[in-house]
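Asker: Quick one, structure for this:
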Amino acid sequence: MTNIDRIKKQKKHFRKILVISYIIFATLILFSIYMLHVRISSQETLSHFKKNTMLDSIQKQRYLDNFLNRSSNLIEAISTNQEFISFIKNGSNQQDTEDLLYSMIKIDKSYMQLRFIDFKGDEIIRFDRENVGSKVYKQTKLQNKSKRYYCQKCLKLKKEEILYSNIDLNIEHGSIQKPIKPVIRISLPIVIKGKYLGFLILNVFMNQYLNDLTESSIYDLYLSDLSGNFLISKNSQNNWSKYLNKKINALDEFNILKKNFKKDTFFSTKDRYFIKTLKISGYNNLKLIYFENLKQKELTKKLIEKRVLTTVLFAIFISFPFAYLVSFPISKLYDSLEIEAENIAEQANNLELRVQIEIEKNRAKDRLLENQSKLAALGEMIGNIAHQWRHPITRLSLMIQNLKSLHDADKLTSNMFSRYYKNSLDQIDYMSQTIEDFRNFYKQDSKKSLFEPSIAINSAFKIVNASIKHGGIELSLKVQDQFKILGFANQFSQVILNIIQNAKDALEENNIKNPYIDISLYQKNGRNIIEIKDNAKGIKEDIIEKIFDAHITTKRQNGTGIGLYMSKTIIEDNFDAKLYARNWGDGAIFTIEFNVS
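Answerer: Okay, here's the model as predicted:
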C-alpha cells in the first residue's frame, strides 16, 4: 500500500470517527436540552401559577368588596329615611316604612331578608323571600333573636358601625333550614339622639357569590373559615363541614401547617398551592385555597413531553447528513479559527490594558477637578462670609470707639454701658449664626429626600445675599407652580449658588446698569422647570456649547471652569435631570428640567 493510499484511508477513517462523534455529541446535547426544557417548563408553570393566582385572588377580593359595599349602602340609605325614623320612634308612617323595605329588598334577587330588630332583640318589621329570586312577602310570625350570636354583637355596636356576620347556614326556629341556605347578615345600629333603638339587618343568600368565588376552569378552589373548616370544597360532601358536624378540615386534608394557614398570603412551592385571606372583617375573614387543576396539569405535561420528544428525534435524524457534510472542512476550519482566536485574544488583552489606563487617567482627572471645585467653593464661602461680616464688624468697631469716647469724657452711664453691651452681643450672635448657616449649607446630605426647591434656593440666597446687595444686584424668586424634587438638598443649593455666582460675576465684569438675577419655578409639558435669568449680555457664541466642559470659563480672570462642570454633573447624575444654557435678548438663561414623577 502506497503512502497516498494510506493517507486516503486515514482521512476516510477520520471522517467516519468525526461523523459518529458528532452524532453522539448532538444526541447528548439534545437530550440535555430536553431535560432542561422540562425543568424550566415546570418552573415557569409554577411561576405563572403563583402570579395568576395572586391576580385572581385580588379580583375575587374586589368582587366581594363590591358586593359588601352595595349591601351596606342599602341599609345606610334606609337608616336615614325620615319615614323609617318616625316609625321606629313612635310607630307612625308604618305603611310608608313597609313600602320602603319592600322596595329595597326587591332591588337584588339574592336579598333574603330585611328587618328591624329593637334593643330587646324583638323583630319589629320583617320582609322575606324563600329562595333566590322568589316572591318577597311580609313575615307576620316575628321572633325574638336576642340569643343569636349576631344579635348580641349588634346590640354592642356603636353609631354608624356596620357589622358583617359569619357566612353560615340560615337557622329558623332553632334548626338549620333544608335545603341549606348559606347567608351573611349585614347590620347597622339605629341610634337617635344618643339613644340605642335597635338595628337594621339585611340577610343575603350567598350561594351564588360563593360559587363565583370558587369557580375556575384552571384551578381547584376551596373556601374555608379561619379555622380551616370547609365552606366550599371540590368534593361537595365536605361543604359546610363545621355546621353539618363533619370532621373535615383543610389543614388536615392538605397537610397545611397552622402558622402558614394564619398568614394573609402563603405560597407552597413544594406542594404547589396558594392561600389568600378574603377580608370581610377582622374576626370573620375567609380563606381561599388554590391548587393546580390536576387533569389540566397532566394534559399540559404530556403535550410538552410529546412535542420535545418529537423535536429531539427529528434533530437526531437530520444530524446524519449534516454531520457528514460538516466533517469535510472541519479540520481546516478549526485551525483557521484557532489562529484567529489567538489574534483576537491578543488584541483584546491589549485593548483591555489601554482601556484600564484611560480609566485611571479619567479618575485622576475627576479627583483633580473635585479638589479644584472644593477649593473654589472654599474661596467663595470665605468671600461670602467676609461680605456677611463687614457690617457687623463695622458696627462693633463704632460701638467700641463710642464706649472709649464716653468713658474718657466721664459720660458713660450704667444704662449706656448695658445698651452698648447688649448691642455688641447681638452683633456677635449674628456673626455666629452666619457661621452656622454656612456650616449647614456646605454640610453633605447623607441620603436623598423629597424637598421643595424654593426652600433650597432661599438657603442659597442667605449665603450670597450680602455680596449680591453689595453689588447692587436685584435678586428675585418667582414660584408659579410649587413642586418637590428627589435628591440631595444641599447639593442642589450649591448648584444654584454656582449659577448665581457666575451671573453676579458676569454682571460686575460687564458693568451692567440695573443688574438683576431672576429665578422662576414652573411646570410645562409634564416637566418641572427652574430658570435662572440675568441681563449680563449673554454667553459668547463660540463657547456656549462648551460652557459645561471642565476648564471652560467665561470669566476674564480668576476663572477655573469647574463650577458649571460640577453643577451639570450633580444635576444629571444625582437628580436624573437636565441642565443647559441659552442666550436671550439681554443676557443668559440657565434651565434645569426635572421629570414630574
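Asker: which parts of stretch 451-469 are buried?
Answerer: Within stretch 451-469, the residues scored as buried using 16 or more other CB atoms under 10 Å are 451, 453-454, 456-457, 459-464, 466-468. Where C-beta positions appear, they are placed from N, C-alpha and C, glycine not excepted.
Asker: What distance do you get for P515 to E509?
Answerer: 11 Å (CB to CB, to the nearest Å).
Asker: Also K246?
Answerer: Counting by CB to CB - K246 and E509 are separated by 93 Å.
Asker: residues in contact with the nearest residue to K258 once chain neighbours are set aside?
Answerer: Spatial nearest neighbour of K258, excluding adjacent residues (CB to CB, 6 or more residues apart in numbering): L251 at 6.2 Å. Applying CB atoms under 8 Å, 6 or more residues apart in numbering to L251 gives the contacts G228, L257, K258, F261.
Asker: what's the closest of those residues to E305?
Answerer: Of all the contacts of L251, E305 sits closest to L257, with 33.2 Å by CB to CB.
Asker: neighbours of that closest one, just the number please.
Answerer: Residues lying near L257 (other CB atoms under 10 Å) number 11.
Asker: contacting residues for it?
Answerer: Counting by CB under 8 Å, 6+ apart, L257 touches L251.
Asker: next one: N229
Answerer: S241, K242, I248, N249, A250.
Asker: P515 and E509 - which one has more neighbours?
Answerer: Under the criterion of other CB under 10 Å, the comparison of P515 against E509 puts P515 first, with 22 against 14.
Asker: Wait, the more buried one touches K537, no?
Answerer: No: with contact defined as CB atoms under 8 Å, P515 does not reach K537; the gap is 10.6 Å.
Asker: ok, back up a step: generate a ChimeraX selection restricted to the buried entries among the contacts of L251.
Answerer: Listed next is the ChimeraX selection for buried residues among the contacts of L251, using 16+ other CB under 10 Å:
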select :228,261
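Asker: returning to what we had before: could you pull out the residues contacting both of P515 and E509?
Answerer: Joint contacts of P515 and E509 (CB under 8 Å, 6+ apart) are A536.
Asker: residue ranges for the helices of this structure, please.
Answerer: Applying DSSP state H to the chain gives helices spanning 3-79, 82-90, 94-105, 149-154, 207-214, 250-253, 258-261, 294-326, 330-408, 414-441, 453-470, 489-509, 563-575.
Asker: Output the contacting helices and strands for the last one.
Answerer: Think helix 563-575. Applying 3 or more CB pairs under 8 Å, 6 or more residues apart in numbering; DSSP states H and E, one finds that helix 563-575 contacts helix 330-408, strand 485-487, helix 489-509, strand 578-583.
Asker: what about 6 Å?
Answerer: Contact here means 3 or more CB pairs under 6 Å, 6 or more residues apart in numbering; DSSP states H and E; on that basis helix 563-575 packs against helix 489-509.
Asker: Below-threshold pLDDT in the stretch 451-597 of the chain: ranges please.
Answerer: Scanning the stretch 451-597 of the chain for pLDDT under 70 picks out the ranges 551-561, 597.
Asker: Got the phi and psi for the nearest residue to E123 once chain neighbours are set aside?
Answerer: Leaving out its chain neighbours, the residue that sits closest to E123 by CB to CB, 6+ apart is L142, at 4.0 Å. Here is the backbone geometry of L142 (degrees, to the nearest 10): phi -80, psi 150.
Asker: quick one: L142 and D108, what's the gap?
Answerer: Taking CB to CB, one finds L142 at 23 Å from D108.
Asker: for L353, same thing?
Answerer: If you go by CB to CB, the gap between L353 and D108 works out to 78 Å.
Asker: and what of I485?
Answerer: I485 is 50 Å from D108, by CB to CB.
Asker: Pick out whichever of these two has more residues nearby.
Answerer: With neighbours defined as other CB under 10 Å, I485 and D108 compare such that I485 has more, 22 against 17.
Asker: contacting residues around that one?
Answerer: By CB atoms under 6 Å, 6 or more residues apart in numbering, the contact set of I485 is P453, F594.
Asker: Name the residues linked to it by a beta bridge.
Answerer: I485 forms beta bridges with F451, as assigned by DSSP bridges.
Asker: Can you give me every residue that contacts Y580?
Answerer: Listed by CB under 6 Å, 6+ apart, the contact partners of Y580 are T591.
Asker: Relative to L101, how far out is it?
Answerer: Relative to L101, and taking CB to CB, Y580 is found at 70 Å.
Asker: Do I have it right that L278 meets K287?
Answerer: No: using CB atoms under 6 Å as the test, L278 is too far from K287 to be in contact (7.3 Å).
Asker: And the protein, split by domain according to the record?
Answerer: According to automatic domain parsing, the chain comprises the domains 3-71+305-328, 80-208, 216-292, 444-595.
Asker: before we move on, the earlier item: let me have the buried residues of stretch 451-469 in CSV, extended by distance to T413.
Answerer: Listed next are the buried residues of stretch 451-469 as CSV, based on distance: CB to CB, whole Å:
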residue, distance to T413
F451, 51
P453, 52
S454, 48
A456, 48
I457, 47
S459, 43
A460, 45
F461, 41
K462, 38
I463, 40
V464, 41
A466, 34
S467, 39
I468, 40
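Asker: Where does the prediction get shaky in the stretch 301-450 of the chain?
Answerer: Residues of the stretch 301-450 of the chain that meet the cut-off, pLDDT under 70, sit at 304, 307-308, 311-312, 314-345, 348, 362-392, 394-396, 423, 426-427, 429-446.
Asker: what about Q356, neighbour count?
Answerer: When neighbours are counted by other CB under 10 Å, Q356 registers 10.
Asker: And it, how far from A550?
Answerer: Distance from Q356 to A550, by CB to CB: 22 Å.
Asker: Same check on E352?
Answerer: For E352, the distance to A550 - CB to CB - is 26 Å.
Asker: More neighbours: those two, which one.
Answerer: Ranked by neighbour count (other CB under 10 Å), E352 and A550 place A550 first, with 18 against 10.
Asker: thinking that one is in contact with L564, fair?
Answerer: No: A550 is not in contact with L564 according to CB under 6 Å; the separation is 9.3 Å.
Asker: Show the pLDDT at the residue nearest to K258.
Answerer: As predicted, L251 sits at a pLDDT of 89.
Asker: what's the spacing between it and L226?
Answerer: Distance from L251 to L226, by CB to CB: 11 Å.
Asker: for the stretch 151-300 of the chain, which spans come out with low pLDDT?
Answerer: Along the stretch 151-300 of the chain, segments meeting pLDDT under 70 span 282-283, 296-297, 300.
Asker: mind running it again at 90?
Answerer: Under the criterion pLDDT under 90, the flagged ranges of the stretch 151-300 of the chain are 151-161, 165-181, 192-194, 206-220, 225-227, 229-231, 233-254, 269-272, 279-285, 291-300.
Asker: now the strands for it?
Answerer: Secondary structure of the stretch 151-300 of the chain (DSSP state E, counting those that start in this stretch): strands at 163-164, 168-169, 171-172, 175-176, 182-192, 195-205, 219-225, 230-232, 265-268, 273-278, 286-292.
Asker: The closest residue to K484 other than its chain neighbours: neighbouring residues, count only.
Answerer: Leaving aside its sequence neighbours, K484 sits nearest to L450 (CB to CB, 6+ apart; 4.8 Å). Counted by other CB under 10 Å, the residues lying close to L450 total 9.
Asker: I'd guessed L450 sits against F488; true?
Answerer: No: here L450 does not reach F488: they are 11.4 Å apart, not a contact under CB under 6 Å.
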